[in-house]
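1. Fold the following and give me the result.
(chains A and B)
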Amino acid sequence: AQKITQTQPGMFVQEKEAVTLDCTYDTSDQSYGLFWYKQPSSGEMIFLIYQGSYDEQNATEGRYSLNFQKARKSANLVISASQLGDSAMFFCAMSSGGKQAGTALIFGKGTTLSVSS
Amino acid sequence: GAVVSQHPSWVICKSGTSVKIECRSLDFQATTMFWYRQFPKQSLMLMATSNEGSKATYEQGVEKDKFLINHASLTLSTLTVTSAHPEDSSFYICSAIYRVSQPQHFGDGTRLSIL
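-> This next block holds a predicted model:
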């Protein structure tokens, strides 16, 4: 069975600093996709970044980068230059078959990020 | 860009009431939509997969007679919580697959409070 583990319930960082949110996963699939979503207090799920299991390069989207270590089954999110607006819950998620497959997502328990000035 | 609209955003109702939540894909057709439930400060848990024109596929432990899902068109899936009780109070959120090269798009969610 697939599983996502986020071991950091909460993280605190100062504005303009970088922060790494941890995510490890477990799957027997060869093809899978890893996602990070941000959920502010209002509840909506905001897609941040995607990494396919066959992608050789680590994904980057603006201030977000995904540190993908396939052998260690980890997909950590790195946020560079944190902003006050980054304070939210962050979820790591996985799907079977990669981004384009029609499967539901399995989510980790989430990490609450608090950014202070 | 692709947008998923979910309505209503908030529902407060008495115990025993049935509540219908709508999930619409705007400007695109979604053959598959997903319904998730999230309790406070917890993760999203998949409830069911909604397929246009066929019966929904429910996850283990989710009562299909209590959570009725209808996906009657390519742009609309509905979740009806029948005879809701306080323990059904939760945040319900849907998602839809836009196209094969895009990740799932989520609605803004519905906060359901049963008194």
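
2. and the closest residue in space to A:Leu48 that isn't next to it in sequence, how many neighbours?
-> Excluding its sequence neighbours, the residue lying closest to A:Leu48 (C-beta to C-beta, 6 or more residues apart in numbering or on different chains) is A:Trp36, at 4.4 Å. All C-beta spots, glycine's among them, are computed from the backbone N, C-alpha and C. Around A:Trp36 there are 25 other residues, counting by other C-beta atoms under 10 Å in any protein chain shown.

3. Check the one 10 residues further on too.
-> Neighbour count of A:Ile46, defined by other C-beta under 10 Å: 12.

4. Who does it form a beta bridge with?
-> When bridges are called by DSSP bridges, A:Ile46 pairs up with A:Lys38.

5. Hmm, A:Pro40 and it touching each other?
-> Yes: the pair A:Ile46 and A:Pro40 passes the contact test of C-beta atoms under 8 Å, sitting 7.4 Å apart.

6. Kindly provide the distance from the residue most central in space within chain A to A:Glu15.
-> The residue lying closest to the centre of chain A (C-alpha atoms, centre = their mean) is A:Trp36, at 3.2 Å. A:Trp36 sits 20 Å away from A:Glu15, going by C-beta to C-beta, to the nearest Å.

7. how many neighbours does B:Lys41 have?
-> Neighbours of B:Lys41 (other C-beta under 10 Å): 10.

8. and the gap between it and A:Leu113?
-> 14 Å.
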